[in-house]
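>>> Pasting the sequence and the predicted model now:
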Amino acid sequence: MREFFRVGDLAEFFQVSEITVRRDLDELAEQGLVERFHGGARLAASRPAASGAATTAHDAEKRAIAQAAARYVHPGDTVLLSGGTTTLAVFREIARMDIRVVTNNAMIVRELDDDTTAELFVVGGEYNRKTRALNGDLTNLTLNQIHGTICFLGTNAISHATGLTSQIHAAAAVNRLMAAQCKGNVVVVADASKVGTTANFSSLPLADVRVLITDDAADPAELATYRSSGMDVVVCPIEQRQA
């Protein structure tokens with residue numbers, strides 16, 4: 001069995017576009033099933049047991065959240081997008097709009113095609129192989145010179161007790177700075193598994209978040225605390241869930 005695959009070879013074999021192949025490989029990498037390299041992927045050295053049902057539900061959640069997020073974007077906006085696969089899904093929904101996107105999410109670069117009309121600005125920084133995002137002093141220096149009209153933040157965790165938190169200190173700093181540099185809505189996009197949880201590093205308080213978009217598996221009591229503090233909470237119904 002082959003241990004590595006080229007994007008072009010996979011596209012030819014399955015008779016699909018290279019953009020589609022890259023998206024699928026990104027999803028497999030997120031699950032830990034493959035390791036991405038420039039132009040292709042290799043089978044991961046150790047692969048977790050995969051659950052097709054869980055993967056489908058996760059994909060459906062991200063798509064629904066991204067579609068709801070896109071409704072907040074208007075022509076002419078300068079959109080700040082943080083790292084993560086949910087913000088990647090948001091970009092896919094807004095890529096054909098007349099907007100400007102500023103991001104540290106390196107995965108977005110592979111989404112560009114002839115139909116993309118959004119201007120894309122990728123900030124510099126240190127590349128994190130696990131999250132495929134750019135962070136660090138250079139990232140922060142660049143963001144300090146940019147002002148967005150709307151901001152979409154992914155997060156590892158959100159809680160009424162601890163606000164937004166991240167597993168990576170540098171990623172927490174980027175979220176905090178993007179929120180500070182946004183003149184309009186700060187929107188958090190997070191599936192239900194992130195709601196009511198806390199990660200290692202503080203990113204920003206809930207008071208700095210205008211909108212949370214999540215899915216209908218999120219704890220209603222937790223969401224009620226966000227609404228009581230004045231946050232708009234959008235809950236996306238997921239039609240197909242595995243019992």
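Cool, got the structure.
>>> His160 contacts Leu206, correct?
Yes: counting by CB atoms under 8 Å, His160 touches Leu206, with 6.6 Å between them. C-beta: built from backbone N, CA, C; applies to glycine.
>>> where in this protein is pLDDT low?
Applying pLDDT under 70 to the chain flags residues 1-4, 30-34, 37, 44-58, 240-243.
>>> Domain parsing of it, as residue ranges.
For the chain, automatic domain parsing gives the domain ranges 4-43, 54-236.
>>> Deepest-packed of those domains, please.
domain 54-236 (a mean of 19; mean count of other CB atoms under 10 Å).
>>> Helices along this protein, start to end?
In the chain, the helices defined using DSSP state H lie at 7-14, 18-30, 52-70, 85-94, 137-143, 169-180, 220-228.
>>> For Leu43, which of those is the nearest?
Of all these, it is helix 18-30 that lies closest to Leu43, at 9.5 Å by CB to CB.
>>> Check which helices and strands the closest one sits against.
Here helix 18-30 touches helix 7-14, strand 34-37, strand 40-43, helix 85-94, going by 3 or more CB pairs under 8 Å, 6 or more residues apart in numbering; DSSP states H and E.
>>> Using TSV, lay out the ones you listed together with distance to Thr214.
Putting those into TSV (distance: least, CB to CB, whole Å) gives the following:
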stretch	distance to Thr214
helix 7-14	32
strand 34-37	27
strand 40-43	30
helix 85-94	10
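>>> and of these, who's closest to Asp59?
helix 85-94 (8.7 Å).
>>> what's near enough to touch Phe201?
165-169, 171-172 (CB atoms under 8 Å, 6 or more residues apart in numbering).
>>> swap that for Thr85, please
Going by CB under 8 Å, 6+ apart, the list of residues near Thr85 reads 26-27, 30, 62, 107, 154.
>>> Which two among those are spaced furthest apart?
Greatest spatial distance among these (CB to CB): Glu27 and Gly154, at 15.3 Å.
>>> so what's Leu120 closest to, chain neighbours aside?
Leaving aside its chain neighbours, Leu120 sits nearest to Val101 (5.2 Å; criterion: CB to CB, 6 or more residues apart in numbering).
>>> Surely that neighbour touches Val79?
Yes: judged on CB under 8 Å, Val101 makes contact with Val79 at a distance of 4.9 Å.
>>> joint contacts of the two?
Joint contacts of Val101 and Val79 (CB under 8 Å, 6+ apart) are 94, 118.
>>> is it true that Ala170 touches Lys130?
No: between Ala170 and Lys130 there is no contact under CB under 8 Å: 11.9 Å.
>>> so what sits against both of these two?
Counting by CB under 8 Å, 6+ apart, Ala170 and Lys130 have no common neighbour.
>>> Could you export the helices of the chain as JSON lines, including distance to Thr117?
Putting the helices of the chain into JSON lines (distance: least, CB to CB, whole Å) gives the following:
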{"stretch": "helix 7-14", "distance to Thr117": "23"}
{"stretch": "helix 18-30", "distance to Thr117": "15"}
{"stretch": "helix 52-70", "distance to Thr117": "14"}
{"stretch": "helix 85-94", "distance to Thr117": "10"}
{"stretch": "helix 137-143", "distance to Thr117": "23"}
{"stretch": "helix 169-180", "distance to Thr117": "23"}
{"stretch": "helix 220-228", "distance to Thr117": "34"}
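>>> out of those helices, which comes closest to Leu120?
helix 85-94 (8.6 Å).
>>> angle of the closest one against helix 18-30?
Between helix 85-94 and helix 18-30, the angle comes out at 160 degrees (axes from the mean of the first three to the mean of the last three CA atoms, to 10 degrees).
>>> tell me, what's touching His160 and Leu206 both at once?
226, 229.
>>> contact partners of stretch 5-22?
25, 39-42, 110-111, 113.
>>> Same check on stretch 144-153?
69, 72-73, 76-82, 87, 90, 102, 121, 123, 164, 175, 177-179, 181-189, 203.
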